[in-house]
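> pasted the sequence and its predicted model underneath.
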Amino acid sequence: MLIAGFPAGAWGTNCYVVAPAAGEECVVVDPGHQAAEGVAETLAKHRLKPVAVVVTHGHIDHTASVVPVCGAHGVPAWMHPDDRWMLKDPEKAIGRSVGERLLGDLTIGEPDDLRELSDGAVLELAGMELSVAHAPGHTKGSVTFRLPESPDVPSVLFSGDLLFAGSVGRTDLPGGSTEELYASLARVCLPLDDSTVVLSGHGPQTTIGRERAANPFLGEAARGQGAARPAAPRRGM
């Protein structure tokens, strides 16, 4: 398995390129603000051919490069329908103007081929299986993607802004819900094996076991007490 990730743009959002091996087809996860150049460099370095773009949620720091990446390679994008509106109205999605000076030129809108994700779906892309889990809380249409465990590689969870190393996604933007976020942590993250590698939308990689032991928000979710406490906006948008 080849997973190449890099932080991009004003918010340092992690973009990932995932393939069975170098020289094969691949999937691009969360090509956000100013990620197109990094995607192109990663594809060239590993001799990869993208077949799809998938996004964990609709915030512009995760989607700003969806249109150029899809257009450059003629591939579809996949996202949950509850966040689709954010592609055309990114400012409303974050409750303010994104600011031209900060972001520069943006390509606002949908790619030519936009497909909808649903809870429990399994995407068969580039010779891999990505299991989809709807995980609202940070946004209404947040999802995670999981690669299954193999003999040589542990399971991998692309958690978006649901779960970070030591923290969780903020819930104070339009469509956010603290109660839903804790419910998603309990339903999506807690059943996973401790060895599951977590690749989040911001910050370093971690594991479910490490977060189960040390992340106070995941601990609250495990005890069923999270709905009474606000989530801490630590990283990202």
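Yep, that arrived.
> what's Gly137 in contact with, if anything?
162, 169, 171, 176-185, 231 (Cβ atoms under 8 Å, 6 or more residues apart in numbering). In short, each C-beta sits where N, CA and C put it, glycine included.
> take those and keep only those in helices.
Counting by DSSP state H, the part of those found in helices is 178-184.
> which of the residues you listed are buried? Put it as a ChimeraX command.
Selection of buried members from the ones in helices among the contacts of Gly137 for ChimeraX, criterion 16 or more other Cβ atoms under 10 Å:
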select :178,180,181,182,183,184
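> identify the residue spatially nearest to Pro111, adjacent ones excluded.
Cys70 (3.8 Å; Cβ to Cβ, 6 or more residues apart in numbering).
> from what I can see, that neighbour looks like it's in a helix, true?
Yes - counting by DSSP: H, G, I helix; E, B strand; the rest coil, Cys70 is part of a helix.
> go ahead and confirm it touches Ala77.
Yes - checked against Cβ atoms under 8 Å, the pair Cys70 and Ala77 is within contact range at 5.3 Å.
> any residues in contact with both of the two?
53, 111, 113.
> tell me the buried residues within those.
53, 111.
> next, format the shared contacts of Cys70 and Ala77 as JSON lines and append distance to Ser155, secondary structure and pLDDT.
What follows is these, written out as JSON lines (distance: Cβ to Cβ, whole Å; DSSP: H, G, I helix; E, B strand; the rest coil; pLDDT from 0 to 100):
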{"residue": "Val53", "distance to Ser155": "22", "secondary structure": "strand", "pLDDT": "98"}
{"residue": "Pro111", "distance to Ser155": "29", "secondary structure": "coil", "pLDDT": "96"}
{"residue": "Asp113", "distance to Ser155": "29", "secondary structure": "coil", "pLDDT": "98"}
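> Ser167: neighbouring residues, count only.
By other Cβ atoms under 10 Å, 21 other residues sit near Ser167.
> beta partners of it?
Ser167 has the following beta-bridge partners by DSSP bridges: Phe164.
> roughly how far apart are it and Asp161?
Distance, Ser167 to Asp161, using Cβ to Cβ, to the nearest Å: 10 Å.
> the bottom helix or strand of this protein by mean pLDDT?
Lowest by mean pLDDT, DSSP states H and E among the helices and strands of the chain is helix 100-103, with a mean of 52.
> beyond it, next helix or strand please.
strand 114-116 (DSSP states H and E).
> counting contacts, what elements does that following strand pack onto?
Where contact means 3 or more Cβ pairs under 8 Å, 6 or more residues apart in numbering; DSSP states H and E, strand 114-116 is packed against strand 77-79.
> buried residues in the following helix or strand past the strand it packs on?
Scanning forward in sequence from strand 77-79 by DSSP H and E, the next helix or strand is helix 90-94. Residues of helix 90-94 classed as buried: 90, 93 (neighbour count, 16+ other Cβ under 10 Å).
> what mean pLDDT does helix 90-94 get?
Averaging pLDDT along helix 90-94 gives 83.
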